[in-house]
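In: the following comprises the amino acid sequence and a computationally predicted model.
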Amino acid sequence: MSPATSPTPAPTTVTAEDVDLGTGTLALVRLVPPDGRPPTLGVHTLEALRATLAEVAARAHAGELVAVALTGTTDAFAAGADLDVVATVTDAADARRIAEAGHAVVAALGDLPVPTFALVGGLALGGGLELALACTYRAAAADVRALGLPETQLGLVPGWGGCSLLPRLLGPEAALQVIIDQPPRRALLDAQGALELGLVDTVQRPGEDFLPGALSWVVEVLTGAIEPPRPDRTAYPAAWEAAVAARRGAADRRAAGG
């Protein structure tokens, strides 16, 4: 069958279930990919995720939930935008629809009235990592080897909040090291490197042990037994200006006038 007539792969679906934490109910939202592939974020998946988050938000406002967690599979949290879908973009309206769908989900996560947790059992790249960044806290499995925003290596810009959320979490210098400086392979962090950088708040046992361990950690955060640090990264405007200025020449060379 030629590529022109190949069937379009089924999109990643979204499910939600209640988890009794003992101290209240957590809504666990899952990205469920077809055929064992990593979860990807096409327009249909993003719209389903937005609808699910709207339902979860209503329950949280009603006092039924104490937290919301977003997760994928034991191998992958989310591999980012569905490049099969991106390849079909033919005009600005299509591109805008994809961009706005991602922004709507990031905004929905940020607007939830309860703490949010990204439970990252496997790789989280591009838009997948941006969803994790939109959550209040992040836990990663110890065997995760691919966390990053490699878009600039593909000629793209992290467009769902990564360029804003990452420097506010890590500081501008560390954030731009992740986004711009490093070659593709080195630009991807493993779980321990992400913990040391402050990209994730905890590293938990991998595989089938990850989710139970991560949920136990969630309870500790919710009860105040653990308080992940959140230093103010916006207090020194000069540091932001210096970090950007140091890379402007390299960015101009890569863009080649584009």
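Out: Arrived safely.
In: helices along the stretch 51-200 of the chain, start to end?
Out: Taking DSSP state H, counting those that start in this stretch, the helices of the stretch 51-200 of the chain run over residues 83-86, 92-111, 127-134, 162-170, 172-176, 184-187, 191-197.
In: which one of those has the lowest average pLDDT?
Out: Within the helices of the stretch 51-200 of the chain, confidence is poorest for helix 184-187, with a mean of 56 (mean pLDDT).
In: what residue ranges in this structure score low on pLDDT?
Out: Applying pLDDT under 70 to the chain flags residues 1-9, 82-87, 155, 182-187, 257-258.
In: and with 80 instead?
Out: 1-9, 36, 81-91, 94-95, 151-157, 181-187, 234-235, 250-251, 254-258 (pLDDT under 80).
In: which stretches of it form strands?
Out: 13-20, 25-32, 67-71, 76-78, 116-120, 123-125, 137-141, 147-148, 202-204 (DSSP state E).
In: any chance of CSV for those, columns mean neighbour count?
Out: Every residue, glycine included, has its C-beta placed from N, CA and C. What follows is the strands of the chain, written out as CSV (neighbours: other CB atoms under 10 Å):
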stretch, mean neighbour count
strand 13-20, 13
strand 25-32, 20
strand 67-71, 25
strand 76-78, 28
strand 116-120, 27
strand 123-125, 26
strand 137-141, 27
strand 147-148, 26
strand 202-204, 21
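In: quick one: closest of those strands to residue 94.
Out: strand 76-78 (21.0 Å; CB to CB).
In: hang on, the earlier thing: make a markdown table out of the strands of the chain and add distance to residue 95.
Out: Converted to a markdown table, these look like this (distance: least, CB to CB, whole Å):
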| stretch | distance to residue 95 |
| --- | --- |
| strand 13-20 | 23 |
| strand 25-32 | 23 |
| strand 67-71 | 25 |
| strand 76-78 | 20 |
| strand 116-120 | 26 |
| strand 123-125 | 20 |
| strand 137-141 | 28 |
| strand 147-148 | 23 |
| strand 202-204 | 36 |
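In: how close does the closest residue to residue 139 other than its chain neighbours get to residue 92?
Out: Of all residues not flanking residue 139 in the chain, residue 214 sits nearest, at 4.3 Å (CB to CB, 6 or more residues apart in numbering). Remark: distance between residue 214 and residue 92 (CB to CB, to the nearest Å) = 40 Å.
In: kind regards, and thank you for your time.
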